[in-house]
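> Quick one, structure for this:
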Amino acid sequence: MKDRQVDLCGQLGCPEDESFPVLEAEDSFSFACSGCGDCCRGREDIVLSGYDLWRICAYLRLPPIIVIRAFCRHYTGANSHMPVVRLRPLHGEKNNCPFLHQNHCAIHDAEPLVCALYPLGQQIELDGTVSYFMQEIDCGGQVVEAKRDDYLARYDIQAREQTDVQWAMACIRLSKRAKELEKCLDEVHMKLVQRALYRALYLDYDWAAPYAPQFEANLARLEHTLKRCETFACTETE
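Down below sits the predicted model:
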């Protein structure tokens, strides 16, 4: 699998996802789990948000650049034109998640959203509306039954929902601007844009400080950089 095929949505080329029925707040669902850890094997699509990365950094007490170099891959998504950070599987271990240890997650208290949700999936619409759905799985073992909101509360999903929405909305806006800038800027200047995006979304964070104020401050600095680039791009095309 080539790095560039996996984009921000965690799918190959970000195609339209297969439609799964949306679970309402009081809807019940069930799935079987044997605790084998197979859902953490053969995975090259665990894409991290900036908040996911910050939580892992805080858990490990390491700066973002160290965590990325040790456990992740970083590149520019071919479709989103945005920086993508995803967990790097251990190829010598059947593409296991780097945090899988004896069938258990070594960072369970700071696991990425996609892992905490499993086997549910989350979808955020362009207007910020959040919905959840049941993914198709073929695991065996003990049957787990739960109501949607009870399951989400168990893993504090709803407590972080607004943060996830803010991240998604920011990425949607920034992706559109990156695509427009790429039409006008040369390769050198576009690399500067990508570097600014990468720093604002993933790198410029202190794991010991709250995430939200840092995210807002980073976006403000990024906005200044992007406006300068857009002004330069307009001047070049005149």
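
> In the longest helix anywhere in the chain, which residues are buried?
Using DSSP state H to define each element, the chain has its longest helix at helix 211-237. Neighbour-count burial for helix 211-237 flags 211, 214-215, 218-219, 222, 225-226, 229-230, 233 (criterion: 16 or more other C-beta atoms under 10 Å). Glycine gets a C-beta too; all of them are placed from N, C-alpha and C.

> I'd assumed Leu53 was in contact with Val85.
Yes: with contact taken as C-beta atoms under 8 Å, Val85 and Leu53 are classed as touching, separated by 6.2 Å.

> Name the nearest residue to Tyr155, ignoring sequence neighbours.
In this structure, Tyr155 finds its nearest non-sequential neighbour in Ala116, 4.4 Å apart by C-beta to C-beta, 6 or more residues apart in numbering.

> for the host helix or strand of that neighbour, what is the average pLDDT?
Taking DSSP states H and E as the definition, one finds Ala116 inside helix 113-117. Across helix 113-117, the average pLDDT comes to 93.

> can you check stretch 51-70 too?
pLDDT averaged over stretch 51-70 gives 98.

> Now the terminal residues of that stretch, how far apart.
With C-alpha to C-alpha, to the nearest Å as the measure, stretch 51-70 spans 18 Å from end to end.

> In it, which residues are buried?
Under the neighbour-count criterion of 16+ other C-beta under 10 Å, stretch 51-70 has 51-60, 62, 64, 67-68 buried.

> could I get those residues as CSV with distance to Thr129 and secondary structure?
As requested, the buried residues of stretch 51-70 are exported to CSV (distance: C-beta to C-beta, whole Å; DSSP: H, G, I helix; E, B strand; the rest coil):
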residue, distance to Thr129, secondary structure
Tyr51, 19, helix
Asp52, 21, helix
Leu53, 25, helix
Trp54, 25, helix
Arg55, 24, helix
Ile56, 27, helix
Cys57, 29, helix
Ala58, 29, helix
Tyr59, 30, helix
Leu60, 33, helix
Leu62, 35, coil
Pro64, 30, helix
Val67, 31, helix
Ile68, 31, helix
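
> May I ask which two of those are separated the most?
Using C-beta to C-beta, the buried residues of stretch 51-70 span at most 16.1 Å, a distance reached by Tyr51 and Leu62.

> correct me, but Ser34 touches Val143?
No: counting by C-beta under 8 Å, Ser34 stays clear of Val143, with 10.6 Å between them.

> can you pull out the strands in this protein?
Along the chain, counting by DSSP state E, strands occupy 22-23, 28-33, 72-76, 83-87, 100-101, 104-105, 120-124, 130-134, 142-147.
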